[in-house]
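# Give me coordinates for this.
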Amino acid sequence: MYNAVMTYTTLFFDLDATLYPASSGLWFKIKDRIHEFMMDHLGLTEQEASSLREDYYLQYGTTLDGLMRHHHVDPEGYLKFVHDIPLEKFISYSPALKEILTSLPQALWVFTNSDREHAKRVLNILNLEHVFQGIVDVHALDFEAKPHPRAYRKALALARIQTPSKCVLFDDLSQNLLPANELGFYTVIVNENNLDDHPADIHIHSLLDLPHKLPMLWKGED
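Numbering: from 1, shown residues only. Alright, predicted model coming up:
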C-alpha cells in the first residue's frame, strides 16, 4: 500500500471526447468543420479533404500542423472556423462529473491540442471553468501538439512539474498516451468502446468511472 495522493500530484485531462463523451457528436462535428475548411481553402473534394486530414493527423498529431507546414494556413482563422459550433446542442453540464473532479485532491490541468478559447467555451458549458488550475493549449505548445514529445515536456514545465511519474494523463487517444508512458506518466485511456489493446495503464469508459476504477486517487490505495 502507498499514498497515491502524494505519489500523483497533478492530473492532466484532454478536452474533446474526454471531458465529455465522444457519443455526444461534438468531436464528429468538429471534424466535419475541418473537412469544410479544407474544401473551401484548398479546393478539395470531401473525399480528398477527409483523406488529407487523416494523413496530416497521423503524421503530425493535428490537421492544423500539416496545413501550416504545407499550405501556409493561418492558424487563427482555422481554429475560429472549425470551432464555430453551437456547443450547447452537443454537450451539457453533468453535476456528477463536477462532483468527482472537484473532490480530487490533486492539481487538475486541461492539456489539449485545441485552442484556449474553445477549451474555455467547453468548460463553461460543462460548468467546470473553475475546476482546473490551468489550460495547456495549442498556443502554449507553439502548435507542436500531442503526440510530439516536446508537447508533454512543455505541459510539465507550465505546470511546474519536474517529475513526470507524479502525473496522470487522461486521454481518449492511444497515440497521445504512448509518449506520456515513455516519460513516466500514469496513463488512463478514456474511451466508450471496449478496447482489447491499448498502451494505457488502465482503460475507463468515462470519467464518471473514476471513483470505482481509480479509488487510489482519493484513498491512497494500490
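# Just the pLDDT for residue 1.
Looking at residue 1, its pLDDT stands at 34.
# same check, this time on residue 194
As summarised for this prediction, residue 194 has a pLDDT of 87.
# where's it relative to residue 24, distance?
19 Å (CB to CB, to the nearest Å). Yep, even glycine has a C-beta here, placed from its N, CA and C like the rest.
# which one of these two has more residues nearby?
residue 24 (16 against 7; other CB atoms under 10 Å).
# Tell me who's in contact with the closest residue in space to that one that isn't next to it in sequence.
Ranked by CB to CB, 6 or more residues apart in numbering and with sequence neighbours excluded, the top spatial neighbour of residue 24 is residue 90, at 4.8 Å. Neighbouring residues of residue 90 by CB atoms under 8 Å, 6 or more residues apart in numbering: 20, 24, 25, 26, 29.
# By neighbours, which of the residues you listed wins?
That'd be residue 20 among the contacts of residue 90, by other CB under 10 Å, with 23 neighbours.
# is it true that it touches residue 123?
No: the criterion here is CB atoms under 8 Å, and residue 20 misses it with residue 123 at 10.3 Å.
# so where's this structure shaky on pLDDT?
Along the chain, segments meeting pLDDT under 70 span 1-6, 220-222.
# how about the strands in it?
Counting by DSSP state E, the chain has strands at residues 10-13, 107-111, 134-136, 167-171, 186-190, 202-204.
# Could you report the distance from residue 87 to residue 106?
27 Å.
# Can you show me the helices along this structure?
For the chain, the helices defined by DSSP state H cover 4-7, 26-42, 46-60, 63-71, 75-82, 95-103, 116-125, 149-158, 174-183, 210-213, 216-219.
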